[in-house]
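K.L.:
Here is my input; please provide its structure:
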Amino acid sequence: MRTQKLWHGLLLLVPLVAVVIASLLFVGWHTVPTETSAPVALENGWDKLTKQQPVAFQLQVVAKAQRPILPTGCEITDVAMLLEFRGKPQSLTQIANALPYTDDPETGFWGNPFNDTGYTMYPPAWRSYFEKHLGSFTDLSKQPVSSFRRQLAQGKPIVVWVEMHGFPAHAILLTGYSEETFVYNDPYTGKSNRRISSQRLWTLMASQHYRAMTY
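P.N.:
Have a look, this model is predicted:
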């Protein structure tokens, strides 16, 4: 009799456990990078429900291509993605025309992003623009990649300077992460959901002195 009651109780638990697992998977997979495994999604769902930092996370940021309008305006294009993500869209031309232009990328854009003479514009020079259009600015330069995960989990894409596509200064937009990788939009190719290992990202950031920013 006791055995029958025990089995009856266990049978009642099966659908409940199935519902819990399905719910965790739904929550866990809702905002994670594509191709995330079920165990990671399950853990991610639990972390989200318990308000811990998720082990994987993905923001849905529409990719934009810098070419042909801004051949050397990768960071400007990243900012355009950020603005659209925040519901404050501006065209590449609008942003480029609103920037200061100097021979020091720490204070303004060095060169002309509308042609091949442009170089870049570093985080300090973006502060006033971010504060005006996004309400805040965070310089993440020389911060560990763990800080990138925290910012992304808070819903903030990150502009990161790297050496890529043969350019000593290129900027990509981080939109998500998993345990060992980051997900990014690349303005040079106009493609989204590119993947890069944390170690590779850190290596490519070295020549640009680990510069990064968000709002």
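
K.L.:
Now do the strands in the chain.
P.N.:
In the chain, the strands defined using DSSP state E lie at 57-58, 138-139, 158-164, 167-177, 181-186, 191-197, 212-214.

K.L.:
Report the strands that pair with the first one, each with its relative direction.
P.N.:
Just to be clear, that refers to strand 57-58. strand 167-177 (antiparallel) (DSSP bridges).

K.L.:
For the strand it pairs with, buried residues please.
P.N.:
By neighbour count on 16 or more other C-beta atoms under 10 Å, the buried set for strand 167-177 is A169, H170, A171, I172, L173, L174, T175, G176, Y177. Just so you know, the C-beta spots here come from the backbone N, C-alpha and C atoms, and that holds for glycine as well.

K.L.:
repeat for stretch 201-215
P.N.:
L201, L204, M205, Q208, Y210, R211, A212, M213, T214, Y215.

K.L.:
Need the residues that contact it.
P.N.:
The contact list for stretch 201-215, computed with C-beta atoms under 8 Å, 6 or more residues apart in numbering, reads 82, 86, 122-123, 126, 130, 134-143, 145, 148, 151, 156-164, 168-169, 182, 196.

K.L.:
swap in stretch 77-97?
P.N.:
59, 61-66, 69-70, 73, 76, 109, 113-114, 126, 129, 133-134, 157, 159, 171-173, 185, 187, 214-215.

K.L.:
From the residues you listed, list the buried ones, please.
P.N.:
Among the contacts of stretch 77-97, the ones that count as buried by 16+ other C-beta under 10 Å are 59, 61, 63-66, 69-70, 73, 76, 109, 113-114, 126, 129, 133-134, 157, 159, 171-173, 185, 187, 214-215.
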